[in-house]
Every structure is written in C-alpha cells, then in structure tokens.
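# Give me a model of this one.
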Amino acid sequence: SDCKTIYRRGDEWLGWPGVVNVEPAPVAENRLYVTGDGKPKIIIDDLIYDLAVPRPTTKPIATVVGAPDPALSSTVLFSYTWVTEFDEESEPSDLSDGVLWSSGLMISVTGFDVPPSNRAINRMRIYRSQTSALGDTTLYFLDELPATTTLFEYDETQYPMNEVIASTDYNPPPDNLDGLISLPNGIMAGFVGKKVYFSEPYRPHAWPEKYIMTVDYPVVGLGAFGSSIAVMTTGMPYVMQGNTPDAMVSQRLEVNLPCLSAQSIVDLGYSVAYAS
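This is a model prediction of the structure:
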C-alpha cells in the first residue's frame, strides 16, 4: 500500500517504497534488473542479488615443478575469474608472479581466493598468459573448475590454450547507478551524475568503464527509442546512438529544455517525451 513503484511480472506484482527503475533481462525471462534501490540488483525468480559480480581479491601463486631449460624457457603468468551459476563471469584476478617455464614441465597453481557466499558463484576459470613475437601478452582459457578448488596442476598436454579471455574489462556497475533502461541490441544503460554507462551487450552484470560517455550537465533520466538513447539533463538534452557500446556517438541538442522530473519521461516508441 506504500509503494511508489510497481512492476508486473507475469501474474505477480512487485512493489518498492521508493522510485526505482526495473528492466527485464535481455538474457533470460526470469531475470529483472533494478536501480534506485541501493546498489544495482538482479532479481532471479524470488532471489535478489547485488548485480556486481566481485573479482577475486588474491592473485594465484604459480610454482614450476622441475628445472626449465634455459634455452627454451619463457615467462608465464596465471589468472582466474569467478563464474556464477547464471553464467556471469567476473573480471580476472591480478596476475600471478611470472615463472620461468619450458615445455614438458608441470606448473602448480595455488592461492585461490574464497568466493563470497551471497552471489551464487560456483565455478572459476583458469587463464594462462602467452606472449606473441611482437611482445603482446594475452590471457588464454585453460579450464573451468569448481569455485572451491585449491590446487590446479597445469600440464600443456591436458590443457591446451583455447579462446582469449573475454572479461578483462567486465567492470562492475557503480553502486549508485541509476535510471536503468534497456535497448533492443542487448545493451543496458544507466547514469551517475554527468556520466552515462553502458553494459556489455547481453552481459548486464558487466559495465566496462571504457564505454562511459560524459555530458555537460547532470543527467536526470534516460529514455530509449530504437537504437538511440535520449539523455535528459538539467540543461540541454542529448541523443546517443550506436549499435554497440563502443560505437556510441553523442549529440547535444542545442535547445534549452531541461528535464524537470525523471518520472515524467515516457517512451512513445518512435520518440521520447518529458516534462520541461
């Protein structure tokens, strides 16, 4: 009876005592994403979690078993990520100290962090570095193990390097992210102050800081029409457009039409209306 925000999910009504933004997930029917109620949250069925997937806070410890061949040795490093039961992967841990290794030797990897119990983390992914002839070092996936693993023994014959790590820039959303909206291309957007944040497409838990776009005035609210975002501010409005978050282009509309209330923003399908 004291709700200021209501949302219909199937045959059920959800309510909040304050003004929040609720968006269905672009990845699964049973997920809702919420901002404005403390930290950004994800609702899965009847369970509520903080949206951010924390990264491991300790770096792994790599130890070579045996003596490497000085003529054939190279320096390798290891890292790991956490993965939830909903297939959300965290940022990688800090890299292990480099160890000299040559083909044929085993490497013992330990020092894994214990995951928090409040984010449904059930797996970890192990990565190993590889340096190209040009000197570029990249992490490659080796194996996926239970999150309680304490020892990983690397043998190159059993664990060939596969795909490149995808979650390097999977920064968590800021705790005060607000104004959540979703776009038809799997991107979600929100704001903090003058900054507009974008999620990784179809990865609503990952909000890379490299995608942030800044406007000249504090943002009041966001609206979506097509693949465009209307950014309503305390000054001039903006339109941001792009099919992917790394290709977004921002345009300021040279009209002095500040937004008076985020609750007045209405999606009309082909446009966005708001009170000024």
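# And the residue most central in space within the chain, what's its pLDDT?
The chain has Ala206 as the residue nearest its centroid, 0.7 Å off, counting by C-alpha atoms, centre = their mean. Looking at Ala206, its pLDDT stands at 97.
# Give me the below-cutoff pLDDT ranges for the protein.
Where the chain drops to pLDDT under 70, the residues are 133.
# In it, mark out all the helices, start to finish.
Along the chain, no segments are classed as helices by DSSP state H.
# And the residue nearest to the centre of the chain, how far from Pro184?
Distance of Ala206 to Pro184, given as C-beta to C-beta, to the nearest Å: 19 Å. For every residue, glycine as well, the C-beta is placed using N, CA and C.
# What of Gly193?
Using C-beta to C-beta, one obtains 27 Å as the distance from Gly193 to Pro184.
# and these two? which has more neighbours close in?
For Gly193 versus Pro184, the count of surrounding residues by other C-beta atoms under 10 Å is larger for Gly193: 13 against 10.
# ok, for the residue nearest to the centre of the chain, nearest residue in space, not its chain neighbours?
In space, and not counting its chain neighbours, Ala206 is closest to Tyr170: 3.7 Å by C-beta to C-beta, 6 or more residues apart in numbering.
# cool, and Glu254?
Excluding its sequence neighbours, the residue lying closest to Glu254 (C-beta to C-beta, 6+ apart) is Met236, at 6.6 Å.
# likewise Val76?
Using C-beta to C-beta, 6+ apart and skipping the chain neighbours, the partner closest in space to Val76 is Trp101 (5.0 Å).
# got a list of what the one you found touches?
Residues counted as contacts of Trp101 (C-beta atoms under 8 Å, 6 or more residues apart in numbering) are Val64, Pro68, Ser73, Ser74, Thr75, Val76, Ile107.
# what's the burial count for the last one?
Read it as Ile107. Neighbour count for Ile107, taken as other C-beta under 10 Å: 20.
# so what's it up against?
Contact partners of Ile107, counting by C-beta under 8 Å, 6+ apart, are Ala62, Thr63, Val64, Val65, Val76, Phe78, Val99, Trp101, Glu153, Tyr154.
# what ranges do the strands span in the stretch 101-250 of the chain?
Shown for the stretch 101-250 of the chain, the strands assigned by DSSP state E, counting those that start in this stretch span residues 106-110, 121-131, 137-146, 152-154, 178-182, 188-192, 195-198, 213-214, 219-225, 228-233, 238-241, 249-252.
# most packed of those strands?
Of all the strands of the stretch 101-250 of the chain, strand 188-192 carries the top mean neighbour count, a mean of 25, counting by mean count of other C-beta atoms under 10 Å.
# With only the CA atoms kept, save that one in PDB.
Provided in PDB are the C-alpha atoms of strand 188-192 (Å, rounded to 0.1, in the frame of the first residue of the first chain):
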ATOM      1  CA  MET A 188      21.500  -1.700 -20.900                       C
ATOM      2  CA  ALA A 189      22.300   1.900 -19.900                       C
ATOM      3  CA  GLY A 190      22.300   3.900 -16.700                       C
ATOM      4  CA  PHE A 191      23.900   7.100 -15.300                       C
ATOM      5  CA  VAL A 192      25.700   8.600 -12.400                       C
END
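# ok, so of the contacts of Ile107, who is nearest Leu253?
Nearest to Leu253, judged by C-beta to C-beta, of these is Phe78 at 49.5 Å.
# Which positions are bridged to that closest one in the beta structure?
Phe78 has these beta-bridge partners by DSSP bridges: Arg128.
# so how far is Leu100 from it?
Relative to Leu100, Phe78 is positioned 14 Å away (C-beta to C-beta).
# the more surrounded of those two?
The neighbour count for Phe78 versus Leu100, taken as other C-beta under 10 Å, is higher for Phe78 (26 against 14).
# so that one touches Ser96, yeah?
Yes. Contact criterion C-beta atoms under 8 Å: Phe78 and Ser96 qualify, at 4.5 Å.
# Residues that sit against both of these two, list them.
Common neighbours of Phe78 and Ser96, using C-beta under 8 Å, 6+ apart, are Pro60, Ala62, Val109.
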